[in-house]
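Peer 1: sequence unavailable; structure follows:
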């Protein structure tokens, strides 16, 4: 009778449910369950440490000095915004341009590219060897290594070259990767940005009938659709 109550704990009202339930399993089953729980706990601890690391990264460790807001700065004039279409480099020289472009990248879930580029720009200004090492490890952990929380799209050889320098990083160790990400943004994201609602709302180009704004370009004037015209009277 004792054995029956042992195998069918639902009939043993005198024993705690948890104790009776675990007695149904053998030592091997209990060991496997314990190992599974330990593995889950380690994963949680690893994620918690990474989250704490990102939170306590400090001002010089911050990936981007820009505020991550969902609103476009309202004090940007159409004339200033139109200058950003001259070149991607002109856009990156303007703080509001970078912030607006970052907002656009967030809508495409690719904001890690501009954040990595900005982190590299800040990294090159560091003079302290201690801070340089700390910042290099941070950039590598967040953007470069496999399964990094904000891993950027660079080739294997470039990634391995960076990994080899982590023991003693130099100011140029991220240069190749930064150049590749800059080229990727320029050829891909930047072109879509110039046709996005975020950018067009700043330049007041909202479709046919909108007022044409004049801007000095290298050779022509652009109408509200972004099409070049050669009318000399527009200058």
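Peer 2: Cool, the structure landed. Note that the structure is a prediction, hence the values are computed from the model and not measured. Numbering: from 1, shown residues only.

Peer 1: pLDDT of the helix or strand harbouring residue 80, averaged?
Peer 2: Using DSSP states H and E, residue 80 falls within helix 78-83. Average pLDDT, helix 78-83: 95.

Peer 1: buried residues in the helix or strand following it?
Peer 2: Per DSSP H and E, the first helix or strand lying C-terminal to helix 78-83 is helix 88-93. Judged by neighbour count using 16 or more other C-beta atoms under 10 Å, the buried positions of helix 88-93 are 88, 91-92. Every residue, glycine included, has its C-beta placed from N, CA and C.

Peer 1: before we move on, what about stretch 153-171?
Peer 2: Those would be 154, 159, 162, 166, 169, for stretch 153-171 by 16+ other C-beta under 10 Å.

Peer 1: now do stretch 119-133
Peer 2: Those would be 119-120, 122-123, 126, 132, for stretch 119-133 by 16+ other C-beta under 10 Å.

Peer 1: run through who's touching the host helix or strand of residue 116.
Peer 2: Remark: residue 116 resides in helix 112-123, with elements defined by DSSP H and E. Residues from elsewhere that reach helix 112-123 (C-beta atoms under 8 Å, 6 or more residues apart in numbering): 60, 63-66, 98, 101-102, 105, 132, 135-136, 138-139, 142-143, 150-152, 171, 174-175, 177-178, 181-182, 184-185, 189.

Peer 1: mind listing which of the buried residues of stretch 153-171 are in helices?
Peer 2: 159, 162 (DSSP state H).

Peer 1: who's in contact with the residue nearest to residue 169 when sequence neighbours are not counted?
Peer 2: Once flanking residues are discounted, residue 169 sits nearest to residue 136: 3.6 Å by C-beta to C-beta, 6 or more residues apart in numbering. By C-beta under 8 Å, 6+ apart, the residues touching residue 136 are 123, 165-166, 169, 173-174.

Peer 1: which residues in this structure form strands?
Peer 2: In the chain, the strands defined using DSSP state E lie at 221-222, 228-229.

Peer 1: can you tell me which of these has the worst average pLDDT?
Peer 2: Minimum mean pLDDT among those: strand 221-222, a mean of 46.

Peer 1: flag the helix or strand of the protein with the lowest per-element mean pLDDT.
Peer 2: Least confident helix or strand, the chain: strand 221-222 with a mean of 46, by mean pLDDT, DSSP states H and E.

Peer 1: what's the domain layout of the chain?
Peer 2: 2-40, 78-203, 210-235 (automatic domain parsing).

Peer 1: any idea which of those has the lowest pLDDT on average?
Peer 2: Looking at those, the bottom one is domain 210-235 with a mean of 44.

Peer 1: still on that earlier bit, reformat the contacts of residue 136 as JSON lines; add distance to residue 113.
Peer 2: Formatted as JSON lines, those follow (distance: C-beta to C-beta, whole Å):
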{"residue": "123", "distance to residue 113": "16"}
{"residue": "165", "distance to residue 113": "21"}
{"residue": "166", "distance to residue 113": "21"}
{"residue": "169", "distance to residue 113": "21"}
{"residue": "173", "distance to residue 113": "18"}
{"residue": "174", "distance to residue 113": "13"}
